[in-house]
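In: Predicted model, plus sequence, below.
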Amino acid sequence: LRIQPHERVVLVTNLETEEIAASLADQIRQVGAAVDAHVMEDYGPRPMLVIPEPIRAGLERADVSIYAGQPKEGELAFRRALTEVVDRRQIRHAHMVSISHQIMCEAMRADFSEVDAISQRVHARAVNAKKIVATSPGGSHIEATFDPEIRWLKTSGIISTSKWGNLPGGEVLT
């Protein structure tokens, strides 16, 4: 996210992920940036179907946002409302759905410049692919054919104002 000291950060989490969110908030404060943290259960029962006004208001003032939480069935509308504000305001946003202690200790230590370089190579091949074949030493063999009109996306952990991303990154998808 490359948070700068002058930026405002909104951090949305839930009780199950509060320890990870506290760690993220600590890192944000160490950079010198202001953090506005929200625990979803403070605003009502889960699954949360709409974005609470204090969270929406925080996003309207934010430069950067993070969703670090455990999703509940039926909450897709909440996350869509959150990312609609992010997209409209072009906020740098990290979407950390189902984040865990293990993911924080392993995947979030990646060199995201290296992940991005690999993702760019995969994306360049996927965009021109008519057929992809994947095999494994265990005997798996999968073939997929692609319509040339499909749009490929790359989320490699390098987040910009033009497109929020999942963290940890490293996906090429359609």
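Out: Yep, it's here. Numbers count the residues shown, from 1 in each chain.
In: From here on, just use CA atoms for contacts and neighbour counts.
Out: OK.
In: looking at this, Val9 is in a helix?
Out: No: assignment of Val9 by DSSP: H, G, I helix; E, B strand; the rest coil gives strand, placing it outside any helix.
In: Wait, it touches Asp36, no?
Out: Yes: here Val9 lies in contact with Asp36, judged by CA atoms under 8 Å, at a distance of 6.1 Å.
In: For the chain, which segments count as helices?
Out: 18-31, 53-61, 76-89, 101-105, 112-127 (DSSP state H).
In: Residues contacting the longest one, please?
Out: In other words, helix 112-127. Here helix 112-127 makes contact (CA atoms under 8 Å, 6 or more residues apart in numbering) with 148, 151-158, 169-172.
In: Output it as PDB, nothing but the C-alphas.
Out: This file holds the C-alpha atoms of helix 112-127, laid out as PDB (Å, rounded to 0.1, in the frame of the first residue of the first chain):
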ATOM      1  CA  PHE A 112       5.800  -8.200  -4.000                       C
ATOM      2  CA  SER A 113       8.100  -6.700  -6.700                       C
ATOM      3  CA  GLU A 114       9.100 -10.300  -7.500                       C
ATOM      4  CA  VAL A 115       5.500 -11.500  -7.300                       C
ATOM      5  CA  ASP A 116       4.500  -8.700  -9.700                       C
ATOM      6  CA  ALA A 117       7.300  -9.600 -12.200                       C
ATOM      7  CA  ILE A 118       6.100 -13.300 -12.200                       C
ATOM      8  CA  SER A 119       2.400 -12.200 -12.500                       C
ATOM      9  CA  GLN A 120       3.300  -9.900 -15.500                       C
ATOM     10  CA  ARG A 121       4.900 -12.900 -17.300                       C
ATOM     11  CA  VAL A 122       1.900 -15.100 -16.600                       C
ATOM     12  CA  HIS A 123      -0.500 -12.300 -17.600                       C
ATOM     13  CA  ALA A 124       1.400 -11.800 -20.900                       C
ATOM     14  CA  ARG A 125       1.100 -15.500 -21.700                       C
ATOM     15  CA  ALA A 126      -2.600 -15.800 -20.600                       C
ATOM     16  CA  VAL A 127      -3.800 -12.800 -22.700                       C
END
